[in-house]
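Asker: With the input below, show me the fold.
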Amino acid sequence: MNKVFFVIGPSGSGKTTLVDNALNQLGEQYNLVRIPSCITREQRLDEINGSHFFFVRDVEFDYHIKYNNFIEWEKYAGFRHGLLKDTFKYLIKNNNLIKEITPNGIPKIKGFMKNNYINAQIIIISIGVKKQDIINRLHDRGVTEQEIEDRQKSDKLTSNNIIPDHYVYNFNSYTMGDPKENFNRIIKSYFKSDLESDLESSFDIKKINTKVVNNMIKVHNGFTVISHPSNSDKRYVHITVDSEKSVGVVYYVTVDRLTGKLLGCSCPQSAMFPFVKCKHQRAVVEQRLLGD
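Answerer: Residues are numbered from 1 along each chain as shown. A predicted model of the protein is given here:
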């Protein structure tokens, strides 16, 4: 089954940088290509027409709207962008796809795939970033203050109903591994060998009790002190835990070393239910805090 990776995050979060790097490193090996949208803004110096986007005039964009050629389109920060039906149908035939996208477009693409009997696995990766990092990056691009304000307003209007499958933290001060490597590791985890897939499909996880499942999750030795000015006493640390579903994907459980209290996990389950301890936190308790 082909894969479609949707990468979401605010303007300036580093989506394009992460996707460009993934395509350079993994594109040929995994037959991974970007889905270019039509866009009405000016082309940047580091962008390739037909690869990053199709740069079109307003009159061309209006033509595609009139003849219903878009799967989805919207206005963002003063310009318009939209994904052509023919582009998607052509690329999905023989490729795995990746696309930076606003969350509003994902349900429309899912609906288009369903209506056109396009069978592919959809994976959503959310890029986390600090507000000041966004502002600094946009300044580096030469984006004006008014444009920054427009982009931030547009980001606030995007849908919050999309639940990502993975999170990648792209802070300038982030010390828990290289964001590009973390991003690529997620991509690679979806291209497993047939043997790995057969083993997974024959394994009935429902028959195993919680204690055994938690012991099957690998909890790494040691810890990493969280790099933040408020953590000068090195009280708060990250413990690395392997994902039980995806090979090569890890999550970070935050622990208060003074009290031994678990403060959260970077997995999607914890993002959805922050007041419930996820299986990765329970694995840390059983394997690191309580011992055997």
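
Asker: Could you tell me how far stretch 235-245 lies from the centre of the chain?
Answerer: Centroid displacement of stretch 235-245 relative to its chain, using C-alpha atoms, centre = their mean, to the nearest Å, is 18 Å.

Asker: Report the buried residues of that stretch.
Answerer: Buried residues in stretch 235-245, counting neighbours by 16 or more other C-beta atoms under 10 Å, are found at 236-244. All C-beta atoms are positioned from the backbone trio N, CA, C, and that covers glycine.

Asker: now what about that stretch, what contacts it?
Answerer: 176, 189, 213, 216-220, 223-226, 228, 249-258, 263, 265, 267, 279-280, 283-284, 288 (C-beta atoms under 8 Å, 6 or more residues apart in numbering).

Asker: Among the residues you listed, the buried ones, what's the PyMOL command?
Answerer: Selecting only the buried members of these in PyMOL, with burial defined as 16+ other C-beta under 10 Å, works like this:
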select buried, resi 176+189+217+219+220+223+226+249+250+251+252+253+254+255+265+267+279+280+283+284+288
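
Asker: In strands, which of the contacts of stretch 235-245 fall?
Answerer: Secondary-structure check on the contacts of stretch 235-245 using DSSP state E: residues within strands are 224-225, 250-256, 263, 265.

Asker: Can you name the two of those residues that sit furthest apart?
Answerer: Between all members of the ones in strands among the contacts of stretch 235-245, the longest pairwise span (C-beta to C-beta) is found for 250 and 256 and amounts to 20.4 Å.

Asker: Now do the contacts for the closest residue to residue 32 other than its chain neighbours.
Answerer: Using C-beta to C-beta, 6 or more residues apart in numbering and skipping the chain neighbours, the partner closest in space to residue 32 is residue 96 (4.8 Å). Contact partners of residue 96, counting by C-beta under 8 Å, 6+ apart, are 2-5, 30-33, 191.

Asker: Kindly supply the ChimeraX command isolating those of those residues that are buried.
Answerer: When burial is assessed using 16+ other C-beta under 10 Å, the buried subset of the contacts of residue 96 is captured in ChimeraX by this command:
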select :3,4,5,30,32,33
